[in-house]
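Colleague: pasting the sequence and the predicted model now:
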Amino acid sequence: MPNNHLTDETLQAFLLKETKDDSITIHLKVCSTCRKRLEEYQYLIDSVQKIKTETFSFDVTSLVMGKIKEVETQKEKNTNIVLYMILSIVSIVAMVLLYPYIRIIFAQFKSFSIMENVFMLVSVLGVVIFLLNDLFRQYKQKEILLSQ
Amino acid sequence: MSSEVNHFSDKVFVTNILNGKIQDFAIVVKNTEKLVTQIVRKMTENEDDQKDLVQDIYLKAYQNLSSFQFKSKLSTWIANIAYNTTINYLQKKKVPIIGIEGTIESKFIVTENPELVAIKTETLEILNAAIDKLPPLYKTLITLYHLEELPNKEISEITNLPEGTIKSYLFRARKILKDNINHHY
């Protein structure tokens, strides 16, 4: 390319209005070669803008949300496992620490009859089951509210 | 004004998702799908790889959403994740993202008096084929600049490349495409 012609970069910059150098305009008025090259770039840019944008052959939203739900479910399972392990450890530690006192308490029950002991046990279990059930129900309701 | 609206809606979506409203992420995916498609499709043609990449990209966006600081648009941030994830994928596959300078250009010589015949369909087909032959990074830059009409500043945020480098790569890519079209006519 002879040195007195405009470079490809200059032509492109001029076309895309990235330069406002008047000498370019003056050169283009007198140089048919550079004018032709400018037209070629104009044609190229016009053609590129007519190309249809591509899409994937699969549904991106379904694929992504499916993956996220899978990851969230696994995360919840892992959290539950850790929670149950902590509760188990705390329960075992509590029982070990409270064992001397439990022995004293259970000794008291020897003075009651079997029926009285069974009645007390069933009442305590009933209250515990009722409370746990209520807690679980409230948790499920909150879960539904959050997922809406 | 429209950028303020975008920022506001980005904040609403991000806040909702971080508060557990996972369904709002589906809206974010829909809004950014086109931009992510342009980046991933220009870097790889294998459909299975595209599926893996798309899942990876959006999973990273979802898991790191709390680190998004609203310094750019949410779409730009996700496009940056898309670009980095795809580049890492290409690097693992040892695919050069820029290619060797001169190998494509040297095959095509601009004739002194080329005649540009205005056969629109044929030109678009030739152009599509020429764009497909470009190195992955050049293809992505051409798409982001001319088809997505993103400014150089935003392309710089997506690709982590300086604006000067982007301009330079775009100049080279356009020259290669022009030479390809001239070769056919």
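Modeller: Yep, it's here. Numbers count the residues shown, from 1 in each chain, chains lettered A, B, ... in the order given.

Colleague: so where do the helices sit in chain A?
Modeller: A:8-15, A:22-30, A:32-50, A:60-109, A:114-147 (DSSP state H).

Colleague: relative to helix A:114-147, how tilted is the longest one?
Modeller: In terms of direction (axes from the mean of the first three to the mean of the last three C-alpha atoms, to 10 degrees), helix A:60-109 departs from helix A:114-147 by 160 degrees.

Colleague: kindly report the same for the first one.
Modeller: Per the same axes, to 10 degrees, the angle that helix A:8-15 makes with helix A:114-147 is 90 degrees.

Colleague: packing partners of helix A:8-15?
Modeller: Here helix A:8-15 touches helix A:22-30, helix A:32-50, helix B:163-184, going by 3 or more C-beta pairs under 8 Å, 6 or more residues apart in numbering or on different chains; DSSP states H and E. For glycine as for every other residue, the C-beta is placed from the backbone atoms N, C-alpha and C.

Colleague: between those helices, which one is nearest to B:L59?
Modeller: Closest of the helices and strands packed on helix A:8-15 to B:L59 is helix B:163-184, at 27.7 Å (criterion: C-beta to C-beta).

Colleague: just to revisit the earlier point, most neighbours per residue, which of the helices and strands packed on helix A:8-15?
Modeller: Ranked by mean neighbour count, the helices and strands packed on helix A:8-15 are led by helix B:163-184 with a mean of 19 (mean count of other C-beta atoms under 10 Å in any protein chain shown).

Colleague: name the helices or strands packed onto it?
Modeller: Applying 3+ C-beta pairs under 8 Å, 6+ apart, we find helix B:163-184 packed against helix A:8-15, helix A:32-50, helix B:120-133, helix B:136-142, helix B:152-159.

Colleague: now do the fourth one: everything it contacts.
Modeller: Taking C-beta atoms under 8 Å, 6 or more residues apart in numbering or on different chains as the criterion, the residues outside helix B:136-142 that touch it are A:48, B:38-39, B:42-44, B:83, B:90, B:95, B:97-99, B:131-132, B:134, B:155, B:159, B:166, B:169-170, B:172-174, B:176-177.

Colleague: one more pass at 6 Å, please.
Modeller: With C-beta atoms under 6 Å, 6 or more residues apart in numbering or on different chains as the test, helix B:136-142 has contacts from B:39, B:42-43, B:97-98, B:131, B:169-170, B:173.

Colleague: which one of those residues sits closest to A:S91?
Modeller: Nearest to A:S91 out of the contacts of helix B:136-142 is B:I39 (C-beta to C-beta; 52.0 Å).

Colleague: the strand or helix carrying that closest one close to chain A?
Modeller: Element membership of B:I39, judged by DSSP states H and E, is helix B:23-43. Yes. Using C-beta under 6 Å from any C-beta of the partner chain, helix B:23-43 reaches chain A at B:26, B:29-30, B:33, B:37, B:41.

Colleague: around chain A, pick out the residues from chain B.
Modeller: B:20, B:26, B:29-30, B:33, B:37, B:41, B:54-55, B:58, B:62, B:116, B:123, B:127, B:146-147, B:171, B:174-175, B:177-178.

Colleague: any idea how far stretch A:4-20 is from the chain center?
Modeller: Using C-alpha atoms, centre = their mean, to the nearest Å, the mean C-alpha position of stretch A:4-20 is found 45 Å from that of the whole chain.

Colleague: cool, and stretch A:78-85?
Modeller: Taking C-alpha atoms, centre = their mean, one finds the center of stretch A:78-85 at 21 Å from the center of the full chain.

Colleague: how about the helix holding B:I39 as CSV, C-alpha atoms only?
Modeller: C-alpha atoms of helix B:23-43 as CSV (Å, rounded to 0.1, in the frame of the first residue of the first chain):
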residue,chain,number,x,y,z
GLN,B,23,-38.2,-17.4,40.6
ASP,B,24,-36.9,-13.9,40.0
PHE,B,25,-33.7,-15.4,38.7
ALA,B,26,-35.6,-16.9,35.8
ILE,B,27,-36.4,-13.3,34.8
VAL,B,28,-32.7,-12.4,35.0
VAL,B,29,-31.9,-15.4,32.8
LYS,B,30,-34.5,-14.4,30.2
ASN,B,31,-33.2,-10.7,30.2
THR,B,32,-29.6,-11.7,29.7
GLU,B,33,-30.0,-14.8,27.6
LYS,B,34,-29.4,-13.0,24.3
LEU,B,35,-26.1,-11.5,25.4
VAL,B,36,-24.8,-14.7,26.9
THR,B,37,-25.9,-16.6,23.7
GLN,B,38,-23.8,-14.3,21.6
ILE,B,39,-20.7,-14.9,23.7
VAL,B,40,-21.0,-18.7,24.1
ARG,B,41,-22.1,-19.4,20.5
LYS,B,42,-19.2,-17.5,19.1
MET,B,43,-16.7,-19.4,21.2
